[in-house]
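Engineer: Sequence first, then the predicted structure:
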Amino acid sequence: MSKPWGFLLWSILSLIFFRIFDIFKPYPINLIDKKIKNGLGVILDDIIAGIYAALVLFVISLYTGKTILFFRHFGDVPIIDLLKWITSI
């Protein structure tokens with residue numbers, strides 16, 4: 001699969017899994033949704049749904065052997081140099 005289509009596939013999958021977790025609200029998302037009724041509760045349940053979706057995508061990437069991280073496009077750039085560049089911005 002070419003890179004743009006691979007990115008599009010992972011993006012669509014991430015949206016689908018995020019919406020599944022956001023709609024069905026598994027633990028602890030349902031607890032936060034019930035206990036915190038202000039804007040913080042709305043944001044927190046979305047953050048946890050996003051974390052759950054990211055974990056599912058990570059497991060899928062481990063199972064399929066396909067990477068979803070953008071670091072693969074940097075080739076020979078050492079990760080330490082990349083992190084130094086990111087923190088210098």
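Structural biologist: Noted; the coordinates are in hand.
Engineer: for this structure, what helix or strand is lowest in average pLDDT?
Structural biologist: Scoring the helices and strands of the chain by mean pLDDT, DSSP states H and E places helix 79-87 at the bottom, with a mean of 63.
Engineer: who touches stretch 36-55?
Structural biologist: 14, 17-18, 20-22, 25-26, 28-29, 32-33, 35 (CB atoms under 8 Å, 6 or more residues apart in numbering). C-beta here means a position set from N, CA and C on the backbone, and glycine is covered the same way.
Engineer: please redo it, this time with the cut-off set to 7 Å
Structural biologist: 14, 17-18, 21-22, 25, 28-29, 32-33 (CB atoms under 7 Å, 6 or more residues apart in numbering).
Engineer: for it, which positions count as buried?
Structural biologist: For stretch 36-55, burial by neighbour count (16 or more other CB atoms under 10 Å) applies to 44-45, 48-49, 52-53.
Engineer: next one: stretch 15-26
Structural biologist: In stretch 15-26, counting by 16+ other CB under 10 Å, buried: 17-18, 21-22, 25.
Engineer: follow-up on the earlier one: can you add pLDDT and give the buried residues of stretch 36-55 back as a markdown table?
Structural biologist: Shown next, in a markdown table, are the buried residues of stretch 36-55 (pLDDT from 0 to 100):
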| residue | pLDDT |
| --- | --- |
| Leu44 | 93 |
| Asp45 | 92 |
| Ile48 | 94 |
| Ala49 | 95 |
| Tyr52 | 94 |
| Ala53 | 93 |
